[in-house]
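Student: Provide a 3D model corresponding to the input given below.
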Amino acid sequence: MAAFNPHFTIGVLGGGQLGRMLIQAGINLDLNFHVLDPDAQAPCAGIARFTQGKLTDYETVMAFGKTCDIITIEIENVNTKALIDLEKAGKKVFPQPAVIELIQDKRIQKQFFADNQIPTAPFVLVNNKEAVAKHEDFLPAVNKLGKEGYDGRGVQVIKTKADLNKAFDAPGLLEKWIPFEKEIAVIVSRNALGDVAVYPAVEMVFHPEANLVEYLFSPAQIEKEIAQQAEAIARKVITSLNMIGLLAVEMFVTKEGEVLVNEVAPRPHNSGHQTIEGNVTSQYEQHLRSILNLPMGSTALLAPSAMVNLLGEEGFTGSARYEGLEEVLKAEGVYVHLYGKKTTKPFRKMGHVTIVDKDLNSLKKKANFVKQTLKVKA
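Tutor: Numbers count the residues shown, from 1 in each chain. Alright, predicted model coming up:
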């Protein structure tokens, strides 16, 4: 293992909240960061060296990458051709560009699961709306765009023939609707030595309209055998990808106790925010350890935890104000993380709150208290 060099410049493609929390973890290791994002007011803009530019533009990413020693991502929608060429030029890029490229397209990602005997829901590839209509016998199903779906966008539930008009008229896939008991996620990391560390599974609760995580509980309330199955699957996915970095593996637990992979994200993830206070090593520090080829940190739970996403309230767009903040801060074991976004809009992720409590009933009560009390309005 090469000696750790704190003078590396780590380039981060994407300047959102995930990048912000990655930088916060990196400060403890005295690391230097350079961030690229199209938004001049991105959450990372004021806390690191910052360049405004398009993440999908080849020349922009090439010029940015040349200023960095190691390049990583906080969003998948980036120019992988530039990353491949930077890698050829001797730059370290983690996760590797080939992995990012595979995960960018849900069609290729899903086929990868099938080819590597990774359990997942039955699916068919479709090229357009007309192709979806030909698979009426496959309903109920979920139509997913192959590319650029994010935070609930690019996903459409098609339960009956009457819903076929909702299908996307673009390349994607039709995935069999799974009547699942729970949605869980497992975060797993791997360094260049092949060392793998796995976090305990967390249980996610999604917003019924926005289709993004509203809150989660750690650890997931599942049987030991299911937890072990989920951990083994996460290990298999990251090793099959030969990936270096941090990978979030979202899964369904069926009524029969089967665990199926839904999707993966090759970066720190919403389902790991609570690790900052709830686990020995946060997902952000673990990602840095992975890409710097440092020893993996302990993933052990310090205590049961919950995470509540702070979403912009419906009906409010404008300068953000946080109603109920003082009341929430009075509660014991409650940690507020605001992302530095000046403007709120409906369902925009504006921050999150982690709650840590050794008593599960108290934890759930506090999570509901936070959800009901802290509101983001304009």
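
Student: tell me the SS of the residue nearest to Asn28 when sequence neighbours are not counted?
Tutor: Once flanking residues are discounted, Asn28 sits nearest to Glu285: 7.4 Å by CB to CB, 6 or more residues apart in numbering. In short, each C-beta sits where N, CA and C put it, glycine included. Secondary structure for Glu285, judged by DSSP: H, G, I helix; E, B strand; the rest coil, is helix.

Student: What does the pLDDT read for Glu285?
Tutor: For Glu285, the pLDDT comes out at 98.

Student: Thr281 too?
Tutor: 98.

Student: For the residue sitting nearest the centre point of the chain, give me phi and psi.
Tutor: Centroid check for the chain by CA atoms, centre = their mean gives His269 as the closest residue, at 2.7 Å. In terms of degrees, to the nearest 10, the main-chain angles of His269 are phi -140, psi 160.

Student: name the element the nearest residue to it once chain neighbours are set aside belongs to?
Tutor: Once flanking residues are discounted, His269 sits nearest to Ala248: 3.4 Å by CB to CB, 6+ apart. Taking DSSP states H and E as the definition, Ala248 sits inside strand 245-254.

Student: quick one: contacts of whatever helix or strand comes next after that strand?
Tutor: Where DSSP H and E defines the elements, the next helix or strand beyond strand 245-254 is strand 259-265. When contacts are defined by CB atoms under 8 Å, 6 or more residues apart in numbering, strand 259-265 is touched by residues 76, 103, 106, 109, 113, 118-121, 178, 180, 183-184, 226, 229-230, 233, 237, 247-254.

Student: Weed out the non-buried ones from those residues.
Tutor: 76, 103, 106, 109, 113, 118-121, 178, 180, 183-184, 226, 229-230, 233, 237, 247-254 (16 or more other CB atoms under 10 Å).

Student: Restricting to C-alpha, output the longest helix seen in the chain in PDB.
Tutor: Longest helix of the chain, by residue count under DSSP state H: helix 224-241. Taking C-alpha atoms only, helix 224-241 is exported to PDB below (Å, rounded to 0.1, in the frame of the first residue of the first chain):
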ATOM      1  CA  LYS A 224     -30.900 -12.300  10.800                       C
ATOM      2  CA  GLU A 225     -31.000 -14.700   7.800                       C
ATOM      3  CA  ILE A 226     -32.400 -11.900   5.500                       C
ATOM      4  CA  ALA A 227     -29.800  -9.400   6.800                       C
ATOM      5  CA  GLN A 228     -27.000 -12.000   6.000                       C
ATOM      6  CA  GLN A 229     -28.500 -12.600   2.600                       C
ATOM      7  CA  ALA A 230     -28.500  -8.900   1.800                       C
ATOM      8  CA  GLU A 231     -24.900  -8.400   3.000                       C
ATOM      9  CA  ALA A 232     -23.800 -11.400   0.800                       C
ATOM     10  CA  ILE A 233     -25.500  -9.900  -2.200                       C
ATOM     11  CA  ALA A 234     -23.900  -6.500  -1.700                       C
ATOM     12  CA  ARG A 235     -20.500  -8.100  -1.400                       C
ATOM     13  CA  LYS A 236     -21.100 -10.000  -4.600                       C
ATOM     14  CA  VAL A 237     -22.200  -6.900  -6.600                       C
ATOM     15  CA  ILE A 238     -19.200  -4.800  -5.700                       C
ATOM     16  CA  THR A 239     -16.700  -7.700  -6.300                       C
ATOM     17  CA  SER A 240     -18.400  -8.700  -9.600                       C
ATOM     18  CA  LEU A 241     -18.000  -5.000 -10.700                       C
END
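
Student: in it, what's buried?
Tutor: By neighbour count on 16+ other CB under 10 Å, the buried set for helix 224-241 is 226-227, 229-231, 233-238, 241.

Student: which helices and strands does it pack with?
Tutor: helix 106-115, strand 180-190, strand 196-198, strand 245-254, strand 259-265 (3 or more CB pairs under 8 Å, 6 or more residues apart in numbering; DSSP states H and E).

Student: go again using 6 Å as the cut-off
Tutor: Contacts defined by 3 or more CB pairs under 6 Å, 6 or more residues apart in numbering; DSSP states H and E place helix 224-241 against strand 180-190, strand 196-198, strand 245-254.

Student: Nearest to Glu314, out of those strands?
Tutor: strand 180-190 (23.0 Å; CB to CB).

Student: Give me the buried positions along that closest one.
Tutor: 180, 182-190.

Student: Looking at those, which one is closest to Gly26?
Tutor: Ranked by distance to Gly26 (CB to CB), the buried residues of strand 180-190 are led by Ser189 at 15.3 Å.

Student: Might one say that the closest one is in contact with Leu292?
Tutor: No: counting by CB atoms under 6 Å, Ser189 does not reach Leu292; the two are 11.6 Å apart.

Student: Next, count neighbours for Phe347.
Tutor: Residues contacting Phe347 under the criterion other CB atoms under 10 Å number 19.

Student: next one: the one 5 residues further on
Tutor: Around His352 there are 25 other residues, counting by other CB under 10 Å.

Student: where along the stretch 1-150 of the chain do the strands fall?
Tutor: With DSSP state E, counting those that start in this stretch, the ranges of strands along the stretch 1-150 of the chain come out as 9-13, 32-37, 49-52, 70-73, 92-93, 123-126, 141-145.

Student: what residues are up against the residue nearest to His269?
Tutor: Shown in contact with Ala248 (CB atoms under 6 Å, 6 or more residues apart in numbering): 185, 187, 265, 269, 271.

Student: Redo those residues as CSV? Include distance to Ala201.
Tutor: CSV is the format used below for the contacts of Ala248 (distance: CB to CB, whole Å):
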residue, distance to Ala201
Ala185, 7
Ile187, 9
Ala265, 15
His269, 13
Ser271, 9
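
Student: Give me the residues contacting stretch 226-237.
Tutor: Residues outside stretch 226-237 that contact it (CB under 6 Å, 6+ apart): 118, 186, 188, 196, 198, 201, 249, 251, 253, 257, 259.
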